[in-house]
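Enquirer: Okay, structure incoming, though there's no sequence with it:
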């Protein structure tokens, strides 16, 4: 598990020295701006937890008509029993796994679709919605959204709450930056 950066470690170069100032070594006097006129957006670092990206992607996917649930049937059944027994509530990020780098993210999502939807069109809409929401809300570049359709919900099937499960999508993921 990577260490969480502290303010002290963020102000050092990889070589351990202080962060270089503006060209020519000129630094403003104390109280005169303090950071060499750098834009506010460049005066620190923002780290996003994987769960943040998964929740945003989950909410964006659920906005698309034709999705019955996220995850697969068996895991949703066990999850519904666990939620009832523990009094817990369903997770927004169920059925979604994200890999988050400093500037990019890749997302895998498992879906159960309603009978009758055109799956390629649904997948296009889900992918578009997720990319738009994640890039807009996090500033990360979404390099890929892999979609696994695990089941089709038939109109006469009983309702089962969804649950989290590992998402396995074949293929090799590009290295994140």
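Expert: Nice, I can see it. Values in this document were obtained by computation on a predicted structure and should not be read as measured data.

Enquirer: Would you list the strands that the longest strand seen in the chain pairs with, along with their directions?
Expert: For the chain, the longest strand by residue count, based on DSSP state E, is strand 141-153. Each strand paired with strand 141-153, and its direction, by DSSP bridges: strand 104-114 (parallel).

Enquirer: in the very next helix or strand once past the strand it pairs with, what counts as buried?
Expert: Following strand 104-114 in sequence order, the next helix or strand is helix 119-138 (DSSP states H and E). Neighbour-count burial for helix 119-138, counted by 16 or more other Cβ atoms under 10 Å, picks out 122, 123, 125, 126, 127, 129, 130, 131, 133, 134, 138. Where C-beta positions appear, they are placed from N, C-alpha and C, glycine not excepted.

Enquirer: could you check the angle strand 141-153 makes with helix 119-138?
Expert: Orientation check (axes from the mean of the first three to the mean of the last three Cα atoms, to 10 degrees): helix 119-138 against strand 141-153 gives 140 degrees.

Enquirer: and residue 42, how many neighbours does it have?
Expert: Neighbour count of residue 42, defined by other Cβ atoms under 10 Å: 9.

Enquirer: An error on my part: the question was meant for residue 145.
Expert: 24.

Enquirer: if we can go back for a sec, now the buried residues of helix 119-138 in JSON lines, with distance to residue 98 and pLDDT?
Expert: Compiled in JSON lines, the buried residues of helix 119-138 are given as follows (distance: Cβ to Cβ, whole Å; pLDDT from 0 to 100):
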{"residue": "122", "distance to residue 98": "20", "pLDDT": "98"}
{"residue": "123", "distance to residue 98": "18", "pLDDT": "98"}
{"residue": "125", "distance to residue 98": "19", "pLDDT": "98"}
{"residue": "126", "distance to residue 98": "14", "pLDDT": "98"}
{"residue": "127", "distance to residue 98": "14", "pLDDT": "98"}
{"residue": "129", "distance to residue 98": "15", "pLDDT": "98"}
{"residue": "130", "distance to residue 98": "10", "pLDDT": "98"}
{"residue": "131", "distance to residue 98": "12", "pLDDT": "98"}
{"residue": "133", "distance to residue 98": "12", "pLDDT": "98"}
{"residue": "134", "distance to residue 98": "8", "pLDDT": "97"}
{"residue": "138", "distance to residue 98": "10", "pLDDT": "96"}
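
Enquirer: Compute the first-to-last residue distance for stretch 131-146.
Expert: Stretch 131-146 has its terminal residues 11 Å apart, counting by Cα to Cα, to the nearest Å.

Enquirer: Could you check which helix or strand contains the residue nearest to residue 98 when sequence neighbours are not counted?
Expert: Nearest residue to residue 98 in three dimensions, chain neighbours excluded: residue 53, at 4.2 Å (Cβ to Cβ, 6 or more residues apart in numbering). In the assignment (DSSP H and E), residue 53 maps to helix 50-62.
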